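K.L.:
Below are the sequence and a predicted model for it; my questions follow.
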Amino acid sequence: MQSAVDPATGRTWSAELYARTAPAHRPVTLECDGAGADGPCRAVTFFRRASVDGRRPCFFSRDHVTDCTSGSIATDDADAGPARPTAAIASRVRWVAINLDPPAPSRGPDGRRRTTEDPSQPSAPRHDVTAGTSTSEATLRPRLRAVLATLQGDGYPPGAVVRLDGFPQLPVERFFVRLEHVDAAAMSGLSRGYYGHVRSVRVDPDDGSWLVRAHDSDISVVVSARALSGSRLSGTDPATLVDGPLLALGHPRPSQRSPGRFYVKVADPTLLEIQAPARPGAGAGATTAPASPRV
Ligand SMILES: [Zn+2]
């Protein structure tokens, strides 16, 4: 779990904020802020520090009510492992509060991973949707890769509202935009979650940035070199990503060089998720991928 509520004040705490707060200023007790079919869960909740092997700080409870929205399906706390769809509790979900991965923590001299405290860094708190918000309604807190897996699968229940700082609050069906065959010009300037499949990845020889083209779309994704270096894609062979699913949070702008084409520039690695295709061996020839025959 990435959030919990202080029953004394009603304030919702994110695990990241809790981890940064001196023990003397932390709430004495915490409760689960999820809900089951019969109402709020309120199970006694504990804090788990960031681990040496790099897991993020989190909250946990062993006493969730049945179907608690903060139970294991809803929160996707596991730091490793393949993405799993999160829509299992479909009809009761009212909020989809996207839980972005924080910037990669720096490593100390002993090789231990540390929470980044550098105020000059683009930081997770800017996107922190959990602190100070009420979560008494059913709320999913999927990580970005789980969001992408869900979009590729059954999707989210229509009407559930996406909540992510810096983006408009919109129903899932309007917030997430399929890149295939979308009217690119109509989406220009609109901050949304754009998703589709990678057609090709061209690495800029000058600065190392990526131009990621999507199948059947006039909207591409440009990943800045800095975003790459701070992301899990760093060190990934782009060829392995062709035909894989792609999700970029941002807004398309018209391309200067290619009239009629648009691109979403990603400068913050937490706003991008690209995965290798599930089918083994599907991603050969990244930089020279031919146009897809499907139109
Ligand atoms: Zn619970």
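P.N.:
Arrived safely. Just so we're clear, the structure is a prediction, and the values are computed from it rather than from any experiment. Numbers count the residues shown, from 1 in each chain.
K.L.:
tell me the average confidence for the longest strand along the chain?
P.N.:
Using DSSP state E, we find that the single longest strand of the chain is strand 192-203. Strand 192-203 carries an average pLDDT of 96.
K.L.:
How far off centre is that strand?
P.N.:
Computed by C-alpha atoms, centre = their mean, to the nearest Å, the chain-centroid distance of strand 192-203 equals 15 Å.
K.L.:
other SSEs contacting that strand?
P.N.:
Using 3 or more C-beta pairs under 8 Å, 6 or more residues apart in numbering; DSSP states H and E, the elements in contact with strand 192-203 are helix 144-152, helix 172-175, strand 176-178, strand 210-214, strand 245-250. Every residue, glycine included, has its C-beta placed from N, CA and C.
K.L.:
any chance of these in CSV, with distance to residue 100 and mean pLDDT too?
P.N.:
Converted to CSV, the helices and strands packed on strand 192-203 look like this (distance: least, C-beta to C-beta, whole Å; pLDDT from 0 to 100):
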stretch, distance to residue 100, mean pLDDT
helix 144-152, 6, 88
helix 172-175, 15, 92
strand 176-178, 15, 96
strand 210-214, 19, 97
strand 245-250, 8, 96
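K.L.:
Please identify which of those is closest to residue 264.
P.N.:
Closest approach to residue 264 among those is made by strand 245-250 (4.3 Å; C-beta to C-beta).
K.L.:
Let me know the angle separating that closest one from strand 210-214.
P.N.:
110 degrees (axes from the mean of the first three to the mean of the last three C-alpha atoms, to 10 degrees).
K.L.:
With distance to residue 4 added, can I get the helices and strands packed on strand 192-203 in a markdown table?
P.N.:
What follows is the helices and strands packed on strand 192-203, written out as a markdown table (distance: least, C-beta to C-beta, whole Å):
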| stretch | distance to residue 4 |
| --- | --- |
| helix 144-152 | 20 |
| helix 172-175 | 25 |
| strand 176-178 | 28 |
| strand 210-214 | 37 |
| strand 245-250 | 25 |
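K.L.:
Now do the helices in the stretch 151-295 of the chain.
P.N.:
172-175, 184-187, 225-229 (DSSP state H, counting those that start in this stretch).
K.L.:
How about the residues of the protein by the ion?
P.N.:
Taking C-beta under 5 Å from the ion as the criterion, the chain approaches the ion at residues 32, 34, 41, 43, 64, 68, 70.
K.L.:
Go again with 8 Å.
P.N.:
1, 32-36, 41-43, 45, 61, 63-65, 68-71 (C-beta under 8 Å from the ion).
K.L.:
Among these, which lie within helices?
P.N.:
Residues of the residues of the chain next to the ion located in helices (DSSP state H): none.
K.L.:
Residue 155 and residue 172 touch, don't they?
P.N.:
Yes. Judged on C-beta atoms under 8 Å, residue 155 makes contact with residue 172 at a distance of 7.2 Å.
K.L.:
These two: who's more crowded?
P.N.:
Taking other C-beta atoms under 10 Å, residue 155 and residue 172 do not tie; residue 172 has more neighbours (21 against 15).
K.L.:
these two touch, right, that one and residue 161?
P.N.:
Yes. Counting by C-beta under 8 Å, residue 161 is a contact partner of residue 172 at 7.5 Å.
K.L.:
follow-up on the earlier one: which stretch among the helices and strands packed on strand 192-203 is buried most, on average?
P.N.:
Counting by mean count of other C-beta atoms under 10 Å, strand 245-250 has the highest mean neighbour count of these, with a mean of 24.
K.L.:
List the neighbouring strands of that strand plus their orientation.
P.N.:
strand 192-203 (antiparallel), strand 272-274 (antiparallel) (DSSP bridges).
K.L.:
Columns distance to residue 246 on top of the ones you listed, output as TSV?
P.N.:
As requested, the strands paired with strand 245-250 are exported to TSV (distance: least, C-beta to C-beta, whole Å):
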stretch	distance to residue 246
strand 192-203	5
strand 272-274	5
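K.L.:
Please identify the deepest-packed of the ones you listed.
P.N.:
Highest mean neighbour count among those (mean count of other C-beta under 10 Å): strand 272-274, with a mean of 25.
K.L.:
Now tell me what touches that one from outside.
P.N.:
144-145, 147-148, 198, 212, 221, 223, 227, 231, 233, 241, 244-249, 266 (C-beta atoms under 8 Å, 6 or more residues apart in numbering).
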